[in-house]
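Engineer: below are the sequence and a predicted model; questions follow.
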2 protein chains.
Amino acid sequence: MKLKVYADRLSQPSRAVIIFCKVNGIDFEEVLVNLAKGEHRSREFKEINPMGLVPAIVDGRFKLFESHAILKYIACGFPGIADHWYPADLFSRAKINSILDWHHSNLRRGSTTFVQNTVLAPQFGRPLNPQSASEAEKLLSSSLSDIESIWLKGNAKFLLGNPQPSIADLILVCEIMQFELLSEKDRERILEPHPKILQWVENVKHATNPHFEEVHLLLYRAKERFHSIQGKVSQSSSKL
Amino acid sequence: MKLKVYADRLSQPSRAVIIFCKVNGIDFEEVLVNLAKGEHRSREFKEINPMGLVPAIVDGRFKLFESHAILKYIACGFPGIADHWYPADLFSRAKINSILDWHHSNLRRGSTTFVQNTVLAPQFGRPLNPQSASEAEKLLSSSLSDIESIWLKGNAKFLLGNPQPSIADLILVCEIMQFELLSEKDRERILEPHPKILQWVENVKHATNPHFEEVHLLLYRAKERFHSIQGKVSQSSSKL
């Protein structure tokens, strides 16, 4: 039975898992769990992941959620996946685990809170919270600085100075891609002080294309939609 | 050269790493990084962990931070550690990774935010934030319910129904032990609806004693200190 990946491409960890499977030629079935329609809260999906979050996988009788755990499971359990994604070497693997653990309470927390409170909240019927957004931006910016100064030192192409990407590169870059949903002004203010981050995002895209861009198409379309709504809102408020 | 563990026993992930080393008879040196004195922000410690957080380890020339990554590194890299702590089996390991990943944005986030904003903030010169505390309590309570209904189903002694503890049991229970710092009223309100959690905490203590209690002594002493300060504050305010 084929590996099933329950995902919504508007979710950054969902995209990372889908890209990883595609780049590594894994025979899988992508099952859409539409977050905007609330399908992740359905009883049916909670049989797959009781936490009601994407991504989740079903591999035969085995069910798993949490994107980092999923990527590690696939990297270790499926044949033919290049070692650089999640090295068997104790020390290299430990360093990648460390970045992935750090990610949860730093880049991911800053990024999701900022994007929620500057763009997404109204889509889910919640108000924007400018104070949360401002605190999140501080965490986000310090996280980007830490990535540059600690893991992208010197002329590093990928995290830890590795010549090829790991699952940590993929997870973190998919998170940063979520900034596509921000206004141009917010996106530039956050990313422009970080030239190494911008170069690294390009390196990860290049190493995983054409899959990276193909899996991000839905995000690019959502970006156009949001920007067109924002444009209309600011036009109508300038007429007042 | 001995493994060095940089830690402060008032930090819950520090305690988990120290207990793990002691239970498994690892020859290590514990190096105190006193958080209350700000030693984690010193230039000297940032040479060990540039993020300025405990725990961190140095093993020969190898440096590592993030408690989950450290526990996995020790479990896989040191001889004689029983398999149940971090099973080599692909499926069992994936389930433990999933719990540990979930922990960051759920139990840990709820717990640290709640304890900070009901007890600790003034110790670090910051004001308490009742709204943050109230939001954190919701996350905390739903996290405890999720642990009970998903990972402690039936008569499970440890997470996932395992007969012996894993590193996930140790990390999560050390987090819950931080509630010792709360007022009795807060602690009871949060924990009493969760009898399975209370039993599971006892099971983990029992499986790791005498080390568990010995490593928690500093926390118990801090609890007495905080409760005595709180008592004085409420006495003096009742005289007003």
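Structural biologist: Looks like it came in fine. Keep in mind that this is a model prediction, so the values were computed, not measured.
Engineer: can you pull out the low-pLDDT segments for chain A?
Structural biologist: A:230-240 (pLDDT under 70).
Engineer: can you show me the strands along it?
Structural biologist: A:3-7, A:28-32, A:56-59, A:62-65 (DSSP state E).
Engineer: between those, which one is closest to chain B.
Structural biologist: strand A:62-65 (5.5 Å; C-beta to the nearest C-beta). No exception for glycine: its C-beta is placed from N, CA and C like everyone else's.
Engineer: could the strands of chain A go into a markdown table alongside distance to chain B?
Structural biologist: What follows is the strands of chain A, written out as a markdown table (distance: least, C-beta to the nearest C-beta, whole Å):
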| stretch | distance to chain B |
| --- | --- |
| strand A:3-7 | 13 |
| strand A:28-32 | 16 |
| strand A:56-59 | 9 |
| strand A:62-65 | 6 |
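Engineer: which residues are contacting stretch A:11-27?
Structural biologist: With contacts defined as C-beta atoms under 8 Å, 6 or more residues apart in numbering or on different chains, stretch A:11-27 is touched by A:2-3, A:5, A:7-9, A:28, A:30, A:35, A:54-55, A:57, A:67, A:70-71, A:74-75, A:78, A:80-82, A:85, A:111, A:167, A:170-171, A:174-175, A:177-178, A:208, A:211-212, A:214-216, A:219.
Engineer: among these, which are in helices?
Structural biologist: A:67, A:70-71, A:74-75, A:111, A:167, A:170-171, A:174-175, A:177, A:208, A:211-212, A:214-216, A:219 (DSSP state H).
Engineer: near chain B too, which of these?
Structural biologist: A:67, A:70 (C-beta under 8 Å from any C-beta of the partner chain).
Engineer: of the ones in helices among the contacts of stretch A:11-27, buried ones?
Structural biologist: By neighbour count, with 16 or more other C-beta atoms under 10 Å in any protein chain shown, these hold A:67, A:70-71, A:74-75, A:111, A:167, A:170-171, A:174-175, A:177, A:208, A:211-212, A:215-216, A:219 as buried.
Engineer: which residue, other than its chain neighbours, is closest to the residue of chain A found nearest chain B?
Structural biologist: Going by C-beta to the nearest C-beta, chain B is nearest to A:His104 of chain A, at 3.4 Å. Spatial nearest neighbour of A:His104, chain neighbours left out: B:His104 (3.4 Å); criterion: C-beta to C-beta, 6 or more residues apart in numbering or on different chains.
Engineer: domain assignment for chain A?
Structural biologist: What the record gives for chain A is the domain set A:3-81, A:88-239, from automatic domain parsing.
Engineer: any idea which of those domains is most buried?
Structural biologist: domain A:3-81 (a mean of 19; mean count of other C-beta atoms under 10 Å in any protein chain shown).
Engineer: could you work out the end-to-end span of that one for me?
Structural biologist: In domain A:3-81, first residue to last residue: 15 Å (C-alpha to C-alpha, to the nearest Å).
Engineer: cool, and stretch A:173-192?
Structural biologist: End to end - C-alpha to C-alpha - stretch A:173-192 spans 16 Å.
Engineer: next one: that stretch to chain centre, how far?
Structural biologist: 12 Å (C-alpha atoms, centre = their mean, to the nearest Å).
Engineer: ok, stretch A:77-95 next?
Structural biologist: With C-alpha atoms, centre = their mean, you get 20 Å for stretch A:77-95.
Engineer: anything in it near chain B?
Structural biologist: Yes - using C-beta under 8 Å from any C-beta, stretch A:77-95 reaches chain B at A:77, A:90-91, A:94-95.
Engineer: contacting residues for the nearest residue in space to A:Asn203 that is not next to it in sequence?
Structural biologist: Closest residue to A:Asn203 apart from its sequence neighbours, by C-beta to C-beta, 6+ apart: A:Lys157 at 5.2 Å. By C-beta under 8 Å, 6+ apart, the contact set of A:Lys157 is A:163, A:200, A:203.
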